[in-house]
Every structure is written in structure tokens, then in C-alpha cells.
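> no sequence on this one, just coordinates:
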Ligand SMILES: [Cu+2]
């Protein structure tokens, strides 16, 4: 394994690639995002937001139950031939990443199910408050593209009042104080994150083949963003590139490992409008 925490800067850079513009408005999630811009849509969105479809190119995310109170969650990914996929490529150290987030983006779990020889995946989920959830399966069947398929789940019970999602750049998690800074920029959003324990900056341990794992979900429809770690080494700033499909509010969930324990810090940021969109005043040399 790896040594314990070392002193050092600990950061995260989030580069928002704001290319898709309003074209993403054509991809309707189960809940209307209500944020489509009034501008002319860009010609194409080369990287449509993931996680909005339960089935894509013949691959389908099929949970055995659509309600959960925690405990075992079982599902299969069926392939174009209709049978469960039984051969996967490894992405970020795992064959499949399962993310469960509440619709209000207050609850989050990132777990790694186990697969049996028949292609049935099972994992124990922690208990979650009543409400509406979405589960995401991020995987790459051997010989196919990478997909992130999403399905709605519910946790029965009296639903608590909806908590509004407000920007937040600090989080406290199990003795760690984690801060996020992102200097505003017209064409990208750069974010650096520092985790401290007892006032000392800590360096994360390798987790899922990188210095940490970041998932970004869009407020409104829970679009699941493509995130690419830019640094494999935990020492020094940790950098990610996040392909933001539209201006809007995003929740960022940063899984980091220290002393062998994985923890999650949660932030909320407002990504700027794409510089190429008409009427955005911050960039005057756009070529569109
Ligand atoms: Cu994972």
C-alpha cells in the first residue's frame, strides 16, 4: 500500500470546458432543468451529459428493485443481445462504479458492487433518508464505449422538506476541513481544493488510480459530468478537468483517501456561461 499522509499542498483544479452551450437543453432529463439559456443553441454538443438515459446503444441498467431503504442493491447491465454483460474493462481501478445521489444533491454514495459470473451486481447501500434518488452505473463493457446509465430510485417514508442547493466552498468531514477555491474565468472554472486536519494540509493517498475521485452532478436533472483526473500522483495539487455541458449550478463530490479511509467532501459551484454563447460579456475574442 502507500505511506501515510504527507505534508504538502493538496488541490484540485476543475477546468470547465464550456463548449456545448445551450444545445444540452435538448437532452431532457426526468426533471426539467429549467435553465436553458435564451441564446441561440450551439451547433452541437460533442459530449452530451451522461447519466440521463437508462438505456443507450443497447446497454440497459436494470435494477431488481426501484425502491431501497439501504441494504442490498442488485442489478444487471444488459447488453445489445439482451443478456447480462459479463465482461468489462477496468476504469479507475474498477469494472463498475455505482453512484447514488438524492435529487436534491444532499445525499451521495459512491460504491463498488461485486459481480457474479452471471453478470449480476450486488452491493450494500447505506441507509438514506426518504426521498427521490438517482443511481448511476459508470462502466465500459469489453469492446464497447464507456457509458454512464442512470435510473431513478426512491426511499419510502415521509419526505423531508426540500433543501435548496446553495453554493458552498467548504466542507467538514470526519475531522477534515476541506476548502474549494475557484477564480472566476470567462472560459473555464479552475478549482483548487485543500484538505486540512488539525490545521495541517494533508495529502491524499491513491484512490481509484488517482489522487482522488470527483463526480459532478448538475442541479435540476442530475446530469453526470465527465471528469478526468489530470494527475495520478497524490503529492501536490490534484487536478481534474470537468466537461461542463452548460452554465448552471453543479454539486461536486470529491472522494479522498487518508489513513486508508475514503471520505467525501461536497461542494456546490456555479459554472459560468459558455464564452461562446452570445451575450456573454467576459470574452471578446470568441471565434463563434
Ligand atoms: Cu468508483
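Cool, the structure landed. Predicted model, so just to flag it, every value in this text is computed and none were measured.
> give me the number of residues near the residue nearest to residue 129 when sequence neighbours are not counted?
With C-beta to C-beta, 6 or more residues apart in numbering as the criterion, residue 129 has its nearest non-adjacent residue at 6.1 Å, and that residue is residue 160. Bear in mind the C-beta positions are built from the backbone N, C-alpha and C, glycine included. Residue 160: 11 surrounding residues under other C-beta atoms under 10 Å.
> can you pull the pLDDT of residue 160?
pLDDT recorded at residue 160 is 81.
> does it really touch residue 128, like I thought?
No: judged on C-beta atoms under 8 Å, residue 160 makes no contact with residue 128 at a distance of 11.4 Å.
> In stretch 144-163, which residues are buried?
Using 16 or more other C-beta atoms under 10 Å as the test for burial, stretch 144-163 gives 144, 147-151, 153, 155.
> for these, which one is nearest residue 213?
For these, the closest approach to residue 213 (C-beta to C-beta) belongs to residue 148, at 13.7 Å.
> That closest one pairs with what?
With DSSP bridges as the criterion, residue 148 is bridged to residue 138.
> so how far is residue 74 from it?
From residue 148 over to residue 74 the distance is 19 Å, taken as C-beta to C-beta, to the nearest Å.
> what does residue 222 give?
22 Å.
> about what we covered before: how about the buried residues of stretch 144-163 in CSV, adding pLDDT and distance to residue 198?
Converted to CSV, the buried residues of stretch 144-163 look like this (pLDDT from 0 to 100; distance: C-beta to C-beta, whole Å):
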residue, pLDDT, distance to residue 198
144, 96, 46
147, 95, 42
148, 96, 37
149, 97, 41
150, 97, 39
151, 98, 41
153, 97, 38
155, 95, 36
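> Tell me which two in the residues you listed are the farthest apart.
Farthest-apart pair in the buried residues of stretch 144-163 is 144 and 155; separation 31.5 Å (C-beta to C-beta).
> what residue ranges in the stretch 101-250 of the chain score low on pLDDT?
182-190, 226-237, 239 (pLDDT under 70).
> Please repeat the previous calculation with a cut-off of 90.
159-164, 169, 178-196, 199-214, 225-248 (pLDDT under 90).
> Quick one: the strands in the stretch 151-288 of the chain, in order.
Taking DSSP state E, counting those that start in this stretch as the criterion, the stretch 151-288 of the chain carries its strands at 170-173, 176-181, 192-197, 200-201, 213-218, 226-229, 236-243, 248-258, 261-271.
> any idea which of the ones you listed is most buried?
Neighbour counts (mean count of other C-beta atoms under 10 Å) averaged over each of the strands of the stretch 151-288 of the chain peak at strand 213-218, with a mean of 24.
> Measure how far it is from the centre of its chain, please.
Centroid separation between strand 213-218 and its chain, computed with C-alpha atoms, centre = their mean, to the nearest Å, is 2 Å.
> So which residues make contact with that strand?
Here strand 213-218 makes contact (C-beta atoms under 8 Å, 6 or more residues apart in numbering) with 12, 14, 33, 49, 51, 92, 99, 101, 105, 108, 110, 207, 223-225, 227, 229, 240, 242, 244-246, 248-256.
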